[in-house]
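> Build me a model:
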Amino acid sequence: MQLAGKRILIDPVLSSYAAPFSFLNKAFAGEYPWRAESMPEIDLLIISHDHYDHLDYATIKALLPKVKRVVTPLGVGSHLRYWGMNPEIIDERDWNQSVHISDALTVHVLPARHFSGRGIKRNQTLWGSFMFVTPERKVYYSGDSGYGPHFKAIGEQFGGVDLAIMENGQYDQDWKYIHMHPAETAQASADLNAKAVVPGHNGRFVLAKHTWNDPLIQLAKASKDKNYRLLTPELGEPVRVSDTTQQFREWWE
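Residues are numbered from 1 along each chain as shown. Now for the predicted structure:
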C-alpha cells in the first residue's frame, strides 16, 4: 500500500504454507506474483498478530534488509527481535495507542476480536486492527477478527473510513468468535461507515473447509444492499484509493 508518500507492507507471507511445518497446510493452486527478493524498500511494515498466516519467519528474514520501520501490537516485536530485526525500528503499541510516522501519517493500533500464539504458546502477545490517518483520507485494516461492537465504535471514533481492508475468509461456524463470515464482514464494513471495502484473507491458504472463492461469492451477495463500494482486485491488481469510479470484474466466477 502506498499512502502519504510511504510504502507500507501488511502481514506479508510469501512462503507456500502458513504453519510451522509444510505438511500442516498448503496454498490454494495458482501463481503468486510476489517474491521477497523483488520487493523494494519498505518504509513501514505492519504485523497484526503472530499467527503463522500473518507472521512468517522466512519472509521476515528475507525482508530484514529492506524494512525501515515496524508497527505491531504489544509483544509481537519479541519475535522480530529474536529473528534479527533492529529493535530501534520496532514500535509496539497497546489498543487505542498510536505511532506518529510523519507529519502526513499516523498509525493507530485498535481492537480486534481474535487471539494469538505460535506452537503451544497462546495469548502471550496482543493482536489488533489498524487505522492509517493522513490529511486526505483514513484507511482501516481489520486484521483477523470476529464480528463485534468494536467496528461501530471505531467508525464513530474516526468519523467513518475512506477505505476498509477487511478480513473475509477462513471462516467456520466453530470459529465465529474469532473469524467473520462474509455477511458479518459486510455488516462490520457498514458499521465502520466505510466508503469502499477491499476484502482480504482469502484465496491464498487452505485453512478452512470452504472453497477458495466462496468468501468472494458470499460477500458480493451480502454487499448488494450496503452503501459502500465493494472493490475486488485480482492478486497484483492495484486499487486507486482516490478513484471513486474504479471498477473490478467478478473474476472468481
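
> Tell me where the stretch 1-150 of the chain has helices.
In the stretch 1-150 of the chain, the segments counted as helices under DSSP state H, counting those that start in this stretch are 57-63, 77-82, 150-158.

> Make a markdown table out of these and add distance to Asp94 and mean pLDDT.
All C-beta atoms are positioned from the backbone trio N, CA, C, and that covers glycine. As requested, those are arranged in a markdown table below (distance: least, C-beta to C-beta, whole Å; pLDDT from 0 to 100):
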| stretch | distance to Asp94 | mean pLDDT |
| --- | --- | --- |
| helix 57-63 | 22 | 95 |
| helix 77-82 | 13 | 98 |
| helix 150-158 | 14 | 99 |
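
> Please produce JSON lines containing those helices, extended by mean neighbour count and distance to Ser223.
Conversion of these to JSON lines gives the following (neighbours: other C-beta atoms under 10 Å; distance: least, C-beta to C-beta, whole Å):
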{"stretch": "helix 57-63", "mean neighbour count": "17", "distance to Ser223": "31"}
{"stretch": "helix 77-82", "mean neighbour count": "16", "distance to Ser223": "35"}
{"stretch": "helix 150-158", "mean neighbour count": "19", "distance to Ser223": "15"}
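
> Those into CSV, with extra columns for distance to Thr134?
Formatted as CSV, those follow (distance: least, C-beta to C-beta, whole Å):
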stretch, distance to Thr134
helix 57-63, 24
helix 77-82, 25
helix 150-158, 12
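
> what are the ranges of the strands in the stretch 101-250 of the chain?
According to DSSP state E, counting those that start in this stretch, the stretch 101-250 of the chain carries its strands in the segments 105-110, 129-133, 138-141, 161-167, 194-200, 229-230.

> Format those as JSON lines; extra columns: mean pLDDT and distance to Ala188.
Supplementary listing: these in JSON lines, determined by pLDDT from 0 to 100; distance: least, C-beta to C-beta, whole Å:
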{"stretch": "strand 105-110", "mean pLDDT": "99", "distance to Ala188": "13"}
{"stretch": "strand 129-133", "mean pLDDT": "99", "distance to Ala188": "10"}
{"stretch": "strand 138-141", "mean pLDDT": "98", "distance to Ala188": "10"}
{"stretch": "strand 161-167", "mean pLDDT": "97", "distance to Ala188": "7"}
{"stretch": "strand 194-200", "mean pLDDT": "96", "distance to Ala188": "9"}
{"stretch": "strand 229-230", "mean pLDDT": "96", "distance to Ala188": "13"}
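
> For this protein, give me the ranges with low pLDDT.
Of all residues in the chain, those with pLDDT under 70 make up the ranges 16-33, 203-208.

> Quick test: name the residue nearest the centre of it.
For the chain, the residue sitting closest to the mean C-alpha position, by C-alpha atoms, centre = their mean, is Gly143 at 4.3 Å.

> For Pro149, see how far away the residue nearest to that one when sequence neighbours are not counted is.
Nearest in space to Gly143, with sequence neighbours left out and distances taken as C-beta to C-beta, 6 or more residues apart in numbering, is Ser48 at 3.4 Å. Separation of Ser48 from Pro149 (C-beta to C-beta, to the nearest Å) stands at 19 Å.

> Neighbour count: these two, which is higher?
When Ser48 is set against Pro149 and neighbours are counted by other C-beta atoms under 10 Å, the residue ahead is Ser48, at 28 against 10.
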